[in-house]
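**Q** task: produce atomic coordinates for the following.
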Amino acid sequence: MDFENVLPTACRIRGLRLIALAGLLSASIGQAWAASKVVVISLDGCKPAIVQQLLASGDLNSNKGLGLLLSRGAFASGSMTVSPSLTAPNHIALATGSTGAHNDVAANTFRLTASPFSTFAFTISGFGAPIGGYQFSPLAPSLRPTAEPMWVALRNAGKTVVAATWAGADGVDVFVPGVSGALVQPNSVRTVDYTVPFGAFAGLGGKGFVLTSGSFLPAPTSTTDGLTAAGKVWFSPVLQASLESFTLSNVAYNIQVAALDTTDDNLTNYDTLVFFDTNHGGITAGPFTLPSTGPAYVKFSEGGSQPFYLEGSPSKAGAAFFVSQLEPNLSTVHIARYSADAIPRNVQPGVLANVDDINNNVGFWADQADFRFPERINSGLANFTDLELENIYEDQVKSFVDYQTRVALHAMSQNPNADLTMVYIEQPDGSEHQFLLTDPRQATSPTDPNSIGAGQDPAKIARYQNYIKVAYQAADQAVQRIIDAVGVDGNGLPLTNVIVVSDHGFAPFHTSVNMNNLLVANGIDTTKVRAITSGPAANIYISLQGREPNGSVSRQEYLQLRSKIQQILTNFNDTNPNYVPGGRVPVFEQVFVRPTPGGVHDPNFGLDTDKTVGQDFGDVYALMRIGYNFDGVQSPVIVRKGDTSLPPPVLSVPNFYGAHGHNPAQPDMFGFFAAAGPDIKPGPIQTPVRTIDLAPTVEELFGIEPAETVDGHPLPIFKQ
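**A** Residues are numbered from 1 along each chain as shown. Got it, this is the predicted structure:
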């Protein structure tokens, strides 16, 4: 589907202007960019096998985007990730060349061992965690970090670096959660020459609304006058309904919706909804200067959402409106309001200037594909069909990739002489999580445990396969737009070196696992032990005296607990014949423990590390085999076909389908790697490729000696 053709008219006109502007930007960027410059694009979750399938079917163009890089550039059959094969650890690995244990990002969510031990609080996001660890006593930035982002070495060598929403390049100071004032990484390590942090939730979750003809009344004069001033035309009386009122960051909003009949056919058939805020001017004519958008005009037949800036928002937040059903007589109206999001502003002044530059020239942070819609977690969705919710999600896939691409293009246009540009694109990861329905053991109806095997819904499977395709096409188009921006030679090859990577692959999963229930069922006291899970990876922490500020477990008891938990995980098997035809399979593929080489007399007891377990990894660190995932547990729990329903339930039917974070040696977890440009020699790469090889490869091109913390090696992809 051509995204431009499904956007509402007003937006499409703006889009065409943006395309024209992008063409001018492409020309100017391409003239300035030259050899020995690098653009790294990360496509989150891009799986090499799926790219090859889509190229073979013709759903991806072999002469554009990913196909161009694979057919005319250097490429690998796959890139092995670090452990765990999750997004945050591997984006930091790509940036540092250091393994997960060395970059000390234990998962997408984990805890710093310096935080107070708590069952529920004091976690940290892997995207905002200290890179390369920190000094434990006293708490301070590390004097010898075990990983260093390559942008540090490049900038020290006088190179210019741009980061468009790359993990770790966020311009923030990092503190220990739960410990007041404990700075463990200064913003200088996390700042480049043009830094755009990834956006964040602004405090207003997505929501569905169901209206009927009874919800609407004749619109007041203030509404019709505003529409007239805005140049709108209608052929039936304008009707209006109250949608919602809310307060965000102490600013009150009152959202109204007006219904317009814009077809001159002598029939009353409402086809357009107008969303506006009466607390901030109502319907005004414009023109509007970004991030302001004015009212959101959504024409149902055009199928896309429209952005809506929340005027007066201190965080410069905005949302969007999507109409999933609109009967011409307004008897049934279904509306989705996307969550409010914004680019973080808790950054140093230089980074804040970059944030404002994006807000003012690209627009406020758009809402990425929100799983809470298809999983019916957001409120107000009871009367929406599955197809409506899937359409909402697909709109977000396309609009968010477009937004991220425009952020990258603007950052590049503002820094045309940058030596290294790092770009992050969220898809196809989100769609694979939601729609990777490829295993007969996956329940096509999450609430029906019998919808596996012969009970699966083939129409849903086919629909979901198409959503995966659309996600890859959106990511592929982003790559091509960036290639167009840097310019191409007569053979269509980029004029600068473009490297496309991904952080991990993907696999389907059929079973959700409740870690806490597993521990409780085996007699573990969860006041002394805390499990934090991300996907199929678990970091299990023990409340050790003398390590955590409020630790309660002695060294001897620590060893006993660590051993018992290791045994519980190692011996935990799935024996359900509906899921394990062979009769029995271990649920955990890898179980590691924190080393204690000196026993209870070790002066570093509880802080020792090895090649797998880093400073802030769990005392027990475990990865489940493919097919199992800690995420996706439903409430109430849906017991699998053939399982007993005795509490506490450990295994259950999940409510989504794709996972990563398993053993990185599994080929399904391998990421993507391809590169093309004036310094790149084409053909298959003859050595194994790993995520930790990207940083030293880029540094070699610039003639920069990698930091001693780099675990990877330069790839042989450059011309002699």
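
**Q** list the contacts of stretch 713-720.
**A** Here stretch 713-720 makes contact (Cβ atoms under 8 Å, 6 or more residues apart in numbering) with 74, 675, 679-681, 685-687, 689, 693, 696-697, 699-701. All C-beta atoms are positioned from the backbone trio N, CA, C, and that covers glycine.

**Q** I meant stretch 431-444, not that one.
**A** 45, 47, 369, 371, 374, 393, 397, 449-453, 455-457, 460-461, 464-465, 467-468, 470-471, 506-511, 578-579, 627, 638, 653-654, 656-659.

**Q** of the contacts of stretch 713-720, buried ones?
**A** 74, 675, 679-680, 685, 689, 693, 696-697, 699-701 (16 or more other Cβ atoms under 10 Å).

**Q** ok, back up a step: and the contacts of stretch 431-444, which are buried?
**A** Using 16+ other Cβ under 10 Å, the buried ones in the contacts of stretch 431-444 are 45, 47, 369, 371, 374, 393, 397, 449, 451-452, 456, 460, 464, 467-468, 470-471, 506-511, 578-579, 627, 638, 653-654, 656-659.

**Q** narrow those to those in helices?
**A** In helices, defined here by DSSP state H, the members of the buried ones among the contacts of stretch 431-444 are 393, 397, 460, 464, 467-468, 470-471.

**Q** can you add distance to H601 and pLDDT and give the residues you listed back as a markdown table?
**A** Converted to a markdown table, those look like this (distance: Cβ to Cβ, whole Å; pLDDT from 0 to 100):
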| residue | distance to H601 | pLDDT |
| --- | --- | --- |
| Y393 | 55 | 98 |
| V397 | 55 | 98 |
| K460 | 59 | 97 |
| Y464 | 56 | 98 |
| Y467 | 57 | 98 |
| I468 | 54 | 98 |
| V470 | 59 | 98 |
| A471 | 54 | 98 |
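
**Q** which of these sit farthest apart?
**A** V397 and K460 (17.7 Å; Cβ to Cβ).

**Q** any idea how far T527 is from L561?
**A** Distance of T527 to L561, given as Cβ to Cβ, to the nearest Å: 12 Å.

**Q** pick out whichever of these two has more residues nearby.
**A** Neighbour tally, T527 and L561, criterion other Cβ atoms under 10 Å: the higher count belongs to L561, 21 against 11.

**Q** now do the contacts for the residue lying farthest from the centre of the chain.
**A** The C-alpha centroid of the chain is most remote from N266, which lies 47.3 Å away (Cα atoms, centre = their mean). N266 makes contacts with F235, as judged by Cβ under 8 Å, 6+ apart.

**Q** one more pass at 7 Å, please.
**A** By Cβ atoms under 7 Å, 6 or more residues apart in numbering, no residues touch N266.

**Q** and the strands in the stretch 401-550 of the chain, which stretches?
**A** Counting by DSSP state E, counting those that start in this stretch, the stretch 401-550 of the chain has strands at residues 420-425, 497-501, 507-508, 511-513, 529-534, 537-542.

**Q** next one: V192 from A182, what distance?
**A** Distance, V192 to A182, by Cβ to Cβ: 25 Å.

**Q** the more surrounded of these two?
**A** V192 (26 against 17).

**Q** pretty sure that one sits against T160.
**A** No: using Cβ atoms under 7 Å, V192 makes no contact with T160, being 8.3 Å away.

**Q** E148 against T96, yeah?
**A** Yes: using Cβ under 7 Å, E148 is in contact with T96, at 6.0 Å.

**Q** ok, those two, which is more surrounded?
**A** T96 (34 against 22).

**Q** re earlier: can you tell me which of the strands of the stretch 401-550 of the chain is nearest to V298?
**A** Nearest of the strands of the stretch 401-550 of the chain to V298, taken as Cβ to Cβ: strand 420-425 at 25.8 Å.

**Q** got the angle for that closest one vs strand 497-501?
**A** 40 degrees (axes from the mean of the first three to the mean of the last three Cα atoms, to 10 degrees).

**Q** pull the CA atoms of stretch 213-224 into CSV?
**A** What follows is stretch 213-224, C-alpha atoms only, in CSV (Å, rounded to 0.1, in the frame of the first residue of the first chain):
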residue,chain,number,x,y,z
SER,A,213,-25.9,9.6,16.6
GLY,A,214,-27.3,10.4,20.1
SER,A,215,-23.8,11.7,21.1
PHE,A,216,-24.0,14.5,18.6
LEU,A,217,-25.9,17.8,18.9
PRO,A,218,-26.0,20.8,16.5
ALA,A,219,-22.6,22.5,16.6
PRO,A,220,-22.5,26.0,18.2
THR,A,221,-21.7,29.1,16.1
SER,A,222,-18.1,29.2,17.4
THR,A,223,-17.5,25.9,15.7
THR,A,224,-19.1,26.7,12.4
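
**Q** so where is the protein shaky, pLDDT-wise?
**A** Residues of the chain that meet the criterion pLDDT under 70 lie in 1-35.

**Q** the most centrally placed residue in it and V397: what is the separation?
**A** Centroid check for the chain by Cα atoms, centre = their mean gives E426 as the closest residue, at 4.8 Å. Look at E426 and V397: by Cβ to Cβ, they are 9 Å apart.

**Q** and if you look at V40?
**A** 22 Å.

**Q** burial of the closest residue in space to V152 that isn't next to it in sequence, as a residue count?
**A** Nearest residue to V152, sequence neighbours excluded (Cβ to Cβ, 6 or more residues apart in numbering): V189, at 6.6 Å. Per other Cβ under 10 Å, the neighbour tally for V189 reads 19.

**Q** V189 belongs to a helix, doesn't it?
**A** Yes: judged by DSSP: H, G, I helix; E, B strand; the rest coil, V189 forms part of a helix.

**Q** list the contacts of it.
**A** 131, 149, 152.

**Q** neighbour-wise, which one of those residues leads?
**A** P149 (29 neighbours).

**Q** quick one: the closest residue to that residue other than its chain neighbours from S42, how far?
**A** Closest residue to P149 apart from its sequence neighbours, by Cβ to Cβ, 6+ apart: A95 at 4.7 Å. Remark: distance between A95 and S42 (Cβ to Cβ) = 10 Å.

**Q** then L381?
**A** L381 is 32 Å from S42, by Cβ to Cβ.

**Q** looking at these two, which one has more neighbours?
**A** The neighbour comparison of L381 against S42 (other Cβ under 10 Å) goes to S42, with 28 against 24.

**Q** quick check: phi and psi at that one.
**A** Here is the backbone geometry of S42 (degrees, to the nearest 10): phi -100, psi 120.

**Q** ok, it - contacts?
**A** Per Cβ under 7 Å, 6+ apart, neighbours of S42: 91, 94, 423-425, 501-503.

**Q** between those residues, which has the most around it?
**A** L94 (34 neighbours).

**Q** next one: stretch 414-422 to chain centre, how far?
**A** Remark: stretch 414-422 is offset 23 Å from the chain centroid, using Cα atoms, centre = their mean, to the nearest Å.

**Q** kindly apply the preceding question to stretch 325-332 instead.
**A** 34 Å.

**Q** same question, stretch 65-77
**A** The answer for stretch 65-77 is 24 Å, by Cα atoms, centre = their mean.

**Q** give me the buried stretch members for that stretch, please.
**A** 65-70, 72-76.

**Q** with stretch 45-57 instead?
**A** Residues of stretch 45-57 classed as buried: 45-48, 50-51, 54-55 (neighbour count, 16+ other Cβ under 10 Å).
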